[in-house]
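Asker: Sequence unavailable; structure follows:
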DNA sequence: AACCTGACTTCGG
DNA sequence: TCCGAAGCCAGGT
C-alpha cells in the first residue's frame, strides 16, 4: 500500500489530459505538499508502469524534460510529440500553452494546442 | 531506526 | 541564461 500522498500523486498524474503537461512541483502542490517535488519523481519512477500512469506528461519546472538521453529522454519526448506537444528552441515546452490547468474546463484544455 | 536515493526547485554568482 | 550548491520529502534498504 501507499501513503495518501503517494496515492494522490498517482491520481493527479493519471488525471493529466492528453497533450498537456504538468511539472513535478505542480503535481506536488496539488498533492498537498509543495515541497515534495522530488517525491513525485520517485513515485513515477517506481510505479508508473504498474499503474499505467502517463508519466511522460510530467516535466521539469522550466518546461524541459528532466530525463537524460539514454535514460528515458528520447522515449518521453517521442511520446509527447505523438500527442501534439511542441518543443520550442532549447527543447523547451511552452507551459503557457501546454501546461495543464487542473480543474480547468475541458474547453480550456481543448483549445490551446 | 539510520542512511541512501532521486525523472525536483530555488537561489546566488 | 547556465551551472553549482543547498534544501526538502518519503519510500527503500
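Answerer: Looks like it came in fine. The structure displayed is predicted, hence computed values, not measured ones.
Asker: Does DNA strand B have contacts with stretch A:45-54?
Answerer: Yes: Stretch A:45-54 is in contact with DNA strand B by Cβ under 7 Å from any atom of the strand, via A:45, A:48. Every C-beta, even on glycine, is put in place using the N, C-alpha and C of the backbone.
Asker: How many neighbouring residues does the residue of chain A found nearest DNA strand C have?
Answerer: DNA strand C sits closest to residue A:3 of chain A, with a gap of 3.0 Å, by Cβ to the nearest atom of the strand. Residue A:3: 9 surrounding residues under other Cβ atoms under 10 Å.
Asker: Against DNA strand B, how distant is it?
Answerer: Going from residue A:3 to DNA strand B by Cβ to the nearest atom of the strand, to the nearest Å gives 13 Å.
Asker: what do you get for residue A:64?
Answerer: 9 Å.
Asker: Next, count neighbours for the closest residue in space to residue A:100 that isn't next to it in sequence.
Answerer: Distances taken as Cβ to Cβ, 6 or more residues apart in numbering put residue A:20 closest to residue A:100, at 4.1 Å, once the chain neighbours are dropped. Residue A:20 sits with 24 neighbouring residues when counted by other Cβ under 10 Å.
Asker: Could you list the low-confidence segments of chain A?
Answerer: Applying pLDDT under 70 to chain A picks out residues A:1, A:104-113.
Asker: Could I get the full set of helices for it?
Answerer: With DSSP state H as the criterion, chain A has helices at A:4-15, A:24-30, A:37-51, A:73-82, A:95-98, A:106-111.
Asker: Make CSV from these and add distance to residue A:62 and mean neighbour count to it.
Answerer: Formatted as CSV, these follow (distance: least, Cβ to Cβ, whole Å; neighbours: other Cβ atoms under 10 Å):
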stretch, distance to residue A:62, mean neighbour count
helix A:4-15, 19, 18
helix A:24-30, 11, 21
helix A:37-51, 13, 16
helix A:73-82, 15, 14
helix A:95-98, 9, 16
helix A:106-111, 22, 10
